[in-house]
Structures are given as structure tokens and as C-alpha cells.
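J.: Just need the structure, nothing else, for what follows:
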Amino acid sequence: MPVLVITGTGTEVGKTVTTAAVAAAALAAGRSVAVLKAAQTGLGPGERGDADEAARLAGPVTAAELARYPEPLAPWTAARRSGLAPVRPHEVADAAAKLATEHDLVLVEGAGGLLVRFDAAGGTLADVAGLLAAPVLVVASAGLGTLNTTELTARELHLRAVELLGVVIGSWPRSADLAARCNLADLPQVAGAPLLGALPAGAGALPPPEFRRAAPTWLAPRLQGTWDAASFQTRQAPPAGPPR
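T.: Numbers count the residues shown, from 1 in each chain. All right, here's what the predicted structure looks like:
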């Protein structure tokens, strides 16, 4: 798995922190890592982007981004409004392939969800994954509503014959409600892929050394971690339902 594409089911689901955790676990396993942000929006020149944040948390990774737009909008909208050139799927794929010749693992982080548009032709992160023949890791939220967005993302990947490696919950609440607890069993079913981790809420605010030590405990062995889905589900099991 020289390239792994990381997408969210939407915005603010913990995609960048999950990318950092995957990078940290890979580094701890002795692998060299690059993080490629396809399109960074909402930041001006000189400001730290998502790839930089992943590197800050994870450690010595190569951080790169292909395009940056000042307004916090979808990449194609932001590119059009700014007058800057859009980033295109083949450019992202070419950059990732080049990084893969120099690193053991390249993490390609999208912007928002899987089908957010990069350009006028409707190019998306799903197209990037297809060009690279790379698996996709989906970062989902924990609570109510996540089953729908996760299943829609999984169905699109299936239609495109792109491998869905698994699902990671990007922010597991300190006090999980009934919906979140039930979703632990339901997410793998609707995705048709395993649950590969759950990051604790606030993980991105940890000091980097602490983040790096803990990251493997949040991720399954498929992602170079030690997290066990069955054990986590047992600990978080919801109370029995009302009698029929």
C-alpha cells in the first residue's frame, strides 16, 4: 500500500487529525511517510495548512500541497472565485506517484467529501484514487447521521471499483450517546468494510510527543496500530433495548 487516499464523509469530521495519526503510526513502524494535500482552501500564503498540521502532530514526514485558495470553499468554487488555476485529478495522481518513489507511504488527503469538485470538468478525489489504483480510507463522524453519509461514500467507491480500505471515526466523544454506540456495529455494515479506528475527541490538541505515542492505540493493525474493534465495541456497547 504505497499510496492511501484519505477522505471524509463531509467537513469537520477529523480528517486531518486522522491523517496525522496514520502517519504517526507508520513512522513508529519504521516507514517513511509523505502527506499530500490536494487542495487547501481558506488560507493565505504563509499560513499553516492541513499537511503542515499533520506533520506537526505526526513527526518527520514530507508535507506537500498542490494548490491553495484563500476562501474557505469547495476547491473548484474557491479556484474560480480567486482566478487561480484549479488542481486536476491527474496532477494530484502524478504528484502522489512521484512521492511514492521516495517514500514507503504517501497519504493523499482530500478536501471535504469524496465528490467535492476540483475543476470545471467535475474531477474529484474519487478520480484521483482511480488513477492511482489506491485504496481509500473514509473518516466518519460518530453520531446521528453518519450512517447515511458513510453508506453513500461507500456506494460511490463500489460503483467506481475503488477499494474501500475501511472506516475510522475521526472524533469519538468522551461521553458517547446511544446513537454513537450503536453506530460502532452499524458503520461496518453500511460501509461493507471494517472499522479501523476511533480517535478520541480532542486528539489534535495533544502535545505532539503525546500524540505520537498514542496514535497507534487509536488505529487497527491494518494501519500499523494496535486498536481492536471488537474490544472497543464491547466496552462501548449500548444498553439493551426496551422489551418488545
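
J.: This structure: helices as residue ranges?
T.: 15-28, 50-58, 75-82, 89-100, 125-132, 146-159, 178-191, 208-214, 229-235 (DSSP state H).

J.: Determine which stretch of these is the most buried.
T.: Highest mean neighbour count of the helices of the chain: helix 15-28, a mean of 27 (counted as mean count of other C-beta atoms under 10 Å). (C-beta placed from N, C-alpha, C; glycine too.)

J.: Tell me which residues are up against that one.
T.: 4, 6-8, 33, 35, 50, 53-61, 104-105, 107, 109-110, 137, 139, 168, 170-171, 197, 199, 203-204, 211-212, 215-216, 218-219, 223-225 (C-beta atoms under 8 Å, 6 or more residues apart in numbering).

J.: Can you select the buried ones from those in ChimeraX?
T.: The ChimeraX selection below is limited to those of these classed as buried (16 or more other C-beta atoms under 10 Å):
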select :4,6,7,8,33,35,50,53,54,55,57,58,59,61,105,107,109,110,137,139,168,170,171,197,199,203,204,211,212,215,216,218,219,223,224,225
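
J.: related to what we said a few turns ago, turn the helices of the chain into JSON lines, columns for mean pLDDT.
T.: Shown next, in JSON lines, are the helices of the chain (pLDDT from 0 to 100):
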{"stretch": "helix 15-28", "mean pLDDT": "98"}
{"stretch": "helix 50-58", "mean pLDDT": "96"}
{"stretch": "helix 75-82", "mean pLDDT": "96"}
{"stretch": "helix 89-100", "mean pLDDT": "97"}
{"stretch": "helix 125-132", "mean pLDDT": "97"}
{"stretch": "helix 146-159", "mean pLDDT": "97"}
{"stretch": "helix 178-191", "mean pLDDT": "96"}
{"stretch": "helix 208-214", "mean pLDDT": "98"}
{"stretch": "helix 229-235", "mean pLDDT": "94"}
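
J.: and of the ones you listed, who's closest to Asp119?
T.: Nearest to Asp119, of all the helices of the chain, is helix 75-82, at 5.6 Å by C-beta to C-beta.

J.: tell me the angle of that closest one relative to helix 125-132?
T.: Interaxial angle, helix 75-82 versus helix 125-132 (axes from the mean of the first three to the mean of the last three C-alpha atoms, to 10 degrees): 110 degrees.

J.: just checking, what packs against helix 75-82?
T.: Other helices and strands packing on helix 75-82, by 3 or more C-beta pairs under 8 Å, 6 or more residues apart in numbering; DSSP states H and E, are strand 68-69.

J.: quick one: contacts of the strand it packs on?
T.: With C-beta under 8 Å, 6+ apart as the criterion, strand 68-69 contacts 39-43, 45, 49, 75, 78-79, 81-82, 84.

J.: again, but for stretch 88-100
T.: 2-3, 34, 36, 38, 62, 64, 66, 106, 108, 118-119, 121, 123-125, 127-128, 131-132, 134.

J.: Distance check, Pro216 against Ala179.
T.: Distance, Pro216 to Ala179, using C-beta to C-beta, to the nearest Å: 28 Å.

J.: again with Asp104
T.: 38 Å.

J.: Same question for Gly42.
T.: 30 Å.

J.: Buried ones from the contacts of stretch 88-100, can you make that a ChimeraX selection?
T.: If you want just the buried ones from the contacts of stretch 88-100 in ChimeraX, going by 16+ other C-beta under 10 Å, the selection is:
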select :3,34,36,38,62,64,66,106,108,118,119,123,124,125,127,128,131,132,134
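
J.: Need the distance between the two termini of stretch 158-166.
T.: In terms of C-alpha to C-alpha, to the nearest Å, the two terminal residues of stretch 158-166 are separated by 13 Å.

J.: Isn't His103 up against Ala64?
T.: No. Checked against C-beta atoms under 8 Å, the pair His103 and Ala64 is beyond contact range at 10.6 Å.
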